[in-house]
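> model the structure of this input:
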Amino acid sequence: MPEKIKLIFLGTSDAIPSIKRNHTSIWLNYKNENILIDCGEGTQRQIRKAKLNPCKITKILITHWHGDHVLGIPGLLQTLNFSGYNKILSIYGPKGTKEFMKNIMKTFAFQGKFKLDIREVNGKFFENNDFYLESEKMTHGIPCNAYSFMKKGVLKIDKKKLTKIKIQGPILKKLKEGKDIIYKGKKYLAKDFTYSDESHKISFVFDTSLNNRIIPFVKNSDLLICESTFGPELKEKAEGYKHLTVKQTAEIAKMSHSKKLIITHLSQRYNKHPQKILEAAKKTFKNSFLVNDFDVITIK
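Numbering: from 1, shown residues only. Coordinates of the predicted model:
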């Protein structure tokens with residue numbers, strides 16, 4: 001059956017955490033990959049609360065170097081070091097990431113026993129047989145990236161069904177290509193032994209002001225995860241801090257033909273009435289949802 005993509009929201013606040021919302025971080029699991037998108041202060045404790053294993057992290061994607069998105073990195077690296085992490089940890093970020101990571105190592109006297117692969121990225125920066133990762137520059141006053149995770153769509157063989165008829169050998173390649181086969185004088189239809197593992201696009205747009213690169217980058221996302229720091233009534237304040245209003249976020253979702261909008265990075269000013277933000281989004285884009293810490297979304 002198709003492999004699932006699982007998203008665990010470890011932190012959903014803006015720059016100032018609250019009792020209910022931690023600083024920004026999302027854990028994406030697909031097959032053997034566990035990708036952390038941002039690592040705000042307190043992220044490793046959120047990882048423990050979510051009953052996840054930090055030593056399974058394979059990659060960290062950093063949107064930008066404001067403290068609420070990266071202050072959890074030093075502690076996480078120390079934990080991995082003490083826990084016998086034995087992989088190469090890939091850290092991707094915008095321009096300046098190598099220098100910031102160098103400064104972290106100096107400031108915290110980090111003596112890691114595992115290797116770090118630190119890269120400053122723009123465009124497609126990782127690809128394997130199952131998925132690829134892309135980044136695009138955003139506008140936030142400092143170098144800032146949005147990211148997309150694209151799971152590739154492929155035709156797969158249902159091994160359980162195949163076991164019953166005991167077909168083996170090179171002929172299986174034809175089935176995987178969607179072609180009918182004849183085996184031991186009997187015809188077998190590809191549609192009866194294969195299933196489509198559909199492609200899926202998940203886009204992450206955190207701190208940024210409105211700009212003309214967002215919509216083309218997130219176009220046709222199955223899931224658009226986007227900051228909505230300010231309500232529509234605070235458009236000028238949003239522009240001043242180089243953030244998005246929830247109305248702008250909903251318009252991005254609509255104009256990019258995204259299927260579902262996930263609202264995050266919520267200002268503490270809406271702690272008592274978060275539904276106001278969600279209601280404002282739904283006026284423009286009905287398929288909008290507001291996430292809380294530890295919410296889980298699964299895509300098949």
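> alpha carbons only for contacts and neighbour counts from here, please
Noted.
> the stretch 151-300 of the chain: helices as residue ranges?
Using DSSP state H, counting those that start in this stretch, the helices of the stretch 151-300 of the chain run over residues 159-165, 172-176, 190-193, 214-218, 235-241, 246-255, 275-282.
> out of those, which is the most enclosed?
Scoring the helices of the stretch 151-300 of the chain by mean neighbour count under mean count of other C-alpha atoms under 10 Å gives helix 246-255 as the most buried, with a mean of 23.
> tabulate the CA atom coordinates of that helix in PDB.
Only the C-alpha atoms of helix 246-255 are listed here, as PDB (Å, rounded to 0.1, in the frame of the first residue of the first chain):
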ATOM      1  CA  VAL A 246      -4.400  35.600   7.500                       C
ATOM      2  CA  LYS A 247      -6.300  37.200   4.600                       C
ATOM      3  CA  GLN A 248      -3.200  37.300   2.500                       C
ATOM      4  CA  THR A 249      -2.400  33.700   3.400                       C
ATOM      5  CA  ALA A 250      -5.900  32.500   2.400                       C
ATOM      6  CA  GLU A 251      -5.600  34.500  -0.900                       C
ATOM      7  CA  ILE A 252      -2.200  32.700  -1.600                       C
ATOM      8  CA  ALA A 253      -3.900  29.300  -1.000                       C
ATOM      9  CA  LYS A 254      -6.800  30.200  -3.400                       C
ATOM     10  CA  MET A 255      -4.600  31.700  -6.200                       C
END
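> picking that back up, dump the helices of the stretch 151-300 of the chain into TSV; add mean pLDDT and distance to residue 27 as well.
Supplementary listing: these in TSV, determined by pLDDT from 0 to 100; distance: least, C-alpha to C-alpha, whole Å:
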stretch	mean pLDDT	distance to residue 27
helix 159-165	74	30
helix 172-176	74	32
helix 190-193	75	33
helix 214-218	98	19
helix 235-241	95	26
helix 246-255	98	22
helix 275-282	96	23
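> ok, which of the ones you listed comes nearest residue 117?
In terms of C-alpha to C-alpha, the element of these nearest to residue 117 is helix 214-218, at 25.4 Å.
> just checking, what packs against the closest one?
helix 246-255 (3 or more C-alpha pairs under 8 Å, 6 or more residues apart in numbering; DSSP states H and E).
> let me know which of the helices of the stretch 151-300 of the chain is the nearest to residue 152.
Across the helices of the stretch 151-300 of the chain, the minimum distance to residue 152, taken as C-alpha to C-alpha, is reached by helix 172-176, at 15.0 Å.
> any weak-confidence spans in this structure?
Under the criterion pLDDT under 70, the flagged ranges of the chain are 1-2, 155, 176, 196.
> show me it divided up by domain.
Using automatic domain parsing, the domains assigned to the chain come out as 5-153+198-299, 155-194.
> which one of those is the most hemmed in?
Stretch with highest mean neighbour count among the domains of the chain: domain 5-153+198-299 (a mean of 19; mean count of other C-alpha under 10 Å).
> and the end-to-end length of it?
End-to-end distance of domain 5-153+198-299 (C-alpha to C-alpha, to the nearest Å): 5 Å.
> what ranges do the strands span in the stretch 101-250 of the chain?
Counting by DSSP state E, counting those that start in this stretch, the stretch 101-250 of the chain has strands at residues 116-120, 123-127, 131-137, 145-151, 154-157, 181-183, 186-188, 194-197, 200-205, 223-227.
> any chance of a markdown table for these, columns distance to residue 15?
Shown next, in a markdown table, are the strands of the stretch 101-250 of the chain (distance: least, C-alpha to C-alpha, whole Å):
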| stretch | distance to residue 15 |
| --- | --- |
| strand 116-120 | 23 |
| strand 123-127 | 27 |
| strand 131-137 | 20 |
| strand 145-151 | 17 |
| strand 154-157 | 40 |
| strand 181-183 | 59 |
| strand 186-188 | 58 |
| strand 194-197 | 38 |
| strand 200-205 | 15 |
| strand 223-227 | 12 |
